[in-house]
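*Asks:* next come a sequence and a model predicted from it.
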Amino acid sequence: MLGLPAIRLATPADAQAIAALSRDAIERGLHWRYTPARILAAIRSRTTNVAVAHGTGALHAFAIMDYGDTTAHLVLLGVQTTQRRRGLGARLLTWLEDAARIAGIERVDVECRADNPGAIAFYRRCGYRVQGVFPHYYEGRIDAVRLAKTLLQDAPDRDQM
Ligand SMILES: CC(C)(COP(=O)(O)OP(=O)(O)OC[C@H]1O[C@@H](n2cnc3c(N)ncnc32)[C@H](O)[C@@H]1OP(=O)(O)O)[C@@H](O)C(=O)NCCC(=O)NCCS
């Protein structure tokens with residue numbers, strides 16, 4: 001993972017680039033729901049962390065996690081096409097899981113498109129287990145796969161990567 005960009009919390013100035021990456025990398029073929037205004041609301045929310053990684057002035061990756069009392073929901077995770085398979089997605093996810101663990105979160109849930117086997121493989125590699133399939137979850141036509149990971153409170157899961 002040497003040479004990967006630093007991860008930090010997003011600021012309002014990041015909203016446009018995050019929304020564009022969501023549209024292009026995650027929401028392709030669907031209506032654009034995570035618009036700049038919605039991303040801005042997530043950045044400002046007290047129960048949500050929006051994490052970003054930049055390289056040479058451009059957004060390389062981002063992830064959004066919502067926190068409840070004991071569970072968290074990974075809302076979005078996207079890495080620019082040119083930056084994939086460098087460990088950046090896993091690093092962002094670990095960063096958010098570490099924050100969740102400190103907040104006392106016991107489990108992280110995520111849904112991803114069933115037509116995205118690469119993402120499912122990624123989450124499984126990161127310690128997530130498939131919980132089930134939700135037919136027609138996205139706009140009534142694309143199935144979702146739900147995955148979840150139990151967070152060990154006293155031992156970060158870094159050695160799973
Ligand atoms: C899924 C995604 C976030 C992974 O990010 P990434 O930075 O490329 O992932 P990493 O480099 O950290 O991968 C870690 C491990 O996960 C697995 N993995 C990642 N992408 C994979 C793929 N496309 N196919 C199979 N396994 C994959 C591999 O085991 C990988 O380790 P390796 O490269 O040493 O083999 C990225 O491909 C992406 O943004 N895709 C489009 C958006 C998306 O699908 N988001 C997730 C749903 S919201």
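*Replies:* Good, I have the coordinates.
*Asks:* give me the neighbour count for the closest residue to residue 51 other than its chain neighbours.
*Replies:* The shortest distance from residue 51 to any non-neighbouring residue, by CB to CB, 6 or more residues apart in numbering, is to residue 63 (5.1 Å). In this view, the C-beta of every residue, glycine as well, is placed from N, C-alpha and C. Neighbouring residues of residue 63 were enumerated by other CB atoms under 10 Å; the total is 25.
*Asks:* sec struct for residue 89, please.
*Replies:* Three-state call for residue 89 (DSSP: H, G, I helix; E, B strand; the rest coil): helix.
*Asks:* is it true that it touches residue 76?
*Replies:* No: between residue 89 and residue 76 there is no contact under CB atoms under 8 Å: 11.6 Å.
*Asks:* what separates residue 33 from the ligand, distance-wise?
*Replies:* For residue 33, the distance to the ligand (CB to the nearest ligand atom, to the nearest Å) stands at 12 Å.
*Asks:* what's the burial count for that residue?
*Replies:* Residue 33 has 14 neighbouring residues, counting by other CB under 10 Å.
*Asks:* figure out the helix or strand that it lives in.
*Replies:* Per DSSP states H and E: residue 33 is located in neither a helix nor a strand.
*Asks:* setting aside sequence neighbours, what's the nearest residue to it?
*Replies:* Residue 33's closest residue in space is residue 27 (CB to CB, 6+ apart), at 6.6 Å.
*Asks:* any idea how far residue 107 is from that neighbour?
*Replies:* 25 Å (CB to CB, to the nearest Å).
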